[in-house]
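# what shape does this take:
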Amino acid sequence: MAIDFYTWNTPNGRKISVALEEMGLAYTVHPINISKNEQFAPDFLTISPNNRIPAIIDPDGPGGQPISVFESGAILIYLGLKTGKFYPTDLRAQVPVLEWLMWQMGGFGPMPGQVHHFLQVENEQDRRYGLARYSKETRRLYGVLDKRLLGRDYVADEVSIADFAILGWAWRHERHQVDLADFPNVKRWYETMMARPATKKGFEVALS
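Sure, this is the predicted structure:
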């Protein structure tokens, strides 16, 4: 049975479309138009208490019973555990995957997201400080990722849900006003990931 995927065309939505394609899971997209505040609809609230996309309902959850999951990081872990793909079973191997997934969730998402916000602020005085602050932190995070990828193909030993999570936001590097040429290891990793057929399809599928 297909997974019901509630989403919009955002970095957090793309994390999940990429994972679903990479894991070979059947899914049905249900667009939630956040520009029209559809995320606040009572029906969506029942599966996403924080009124944020993405969220999923897996009709074939644990024990064969339906289950809903919200928060993109939780969805990625759930799908990895469900399929046994892109999430190692060995505890030691899990650690870097979880570290870099949490790094993305806590920083490489919220900080670039603030760049997105302040780029749209019309008042120059209001925009200047916020944009400078969050652009600096965003570039620092790209630098952290660049160091991590020195001599590595992926953020953990093998391609994982952490790569999918980070890629969702690196996909918007131009909007972050970041030239990947300044971060050559990130650029190499990004191009490698985007060349994967399933990842490519995950970015092409219509989410809105």
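# can you tell me the element the residue of the chain most remote from its centre falls in?
In the chain, residue 125 marks the outermost C-alpha relative to the chain mean, sitting 31.3 Å out by C-alpha atoms, centre = their mean. Secondary structure assignment for residue 125, by DSSP states H and E: helix 124-148.
# same question for residue 6.
Secondary structure (DSSP H and E) places residue 6 in strand 3-7.
# over to residue 95?
Assigned by DSSP H and E, residue 95 belongs to helix 91-106.
# following element in sequence after that helix, please.
Downstream of helix 91-106 (by DSSP H and E), the next one is helix 110-119.
# got a list of what the nearest residue to residue 131 once chain neighbours are set aside touches?
Computed as C-beta to C-beta, 6 or more residues apart in numbering, the closest residue to residue 131 that is not its neighbour in sequence is residue 118, at 4.2 Å. To be clear about C-beta, it is placed using only N, CA and C from the backbone, and glycine gets the same treatment. Contacts here follow C-beta atoms under 8 Å, 6 or more residues apart in numbering; on that basis residue 118 touches 127, 130-131, 134.
# so which of these sits lowest on pLDDT?
For these, the minimum pLDDT belongs to residue 127; the value there is 87.
# what's the local residue count around the residue nearest to residue 72 when sequence neighbours are not counted?
Among residues not flanking residue 72 along the chain, residue 12 sits closest, at 4.5 Å (C-beta to C-beta, 6+ apart). By the criterion of other C-beta atoms under 10 Å, residue 12 has 21 neighbours.
# please apply the same query to residue 145.
Neighbour count for residue 145, taken as other C-beta under 10 Å: 22.
# re the thing from before, quick one: buried ones out of the contacts of residue 118?
Neighbour-count burial within the contacts of residue 118 applies to 131, 134; the criterion is 16 or more other C-beta atoms under 10 Å.
# distance to residue 108 added to the contacts of residue 118, as a markdown table?
Formatted as a markdown table, the contacts of residue 118 follow (distance: C-beta to C-beta, whole Å):
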| residue | distance to residue 108 |
| --- | --- |
| 127 | 22 |
| 130 | 18 |
| 131 | 17 |
| 134 | 12 |
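# looking at the contacts of residue 118, which is nearest residue 104?
residue 134 (15.9 Å; C-beta to C-beta).
# find the nearest non-adjacent residue to the closest one, please.
Closest to residue 134 by C-beta to C-beta, 6+ apart is residue 114, at 3.9 Å.
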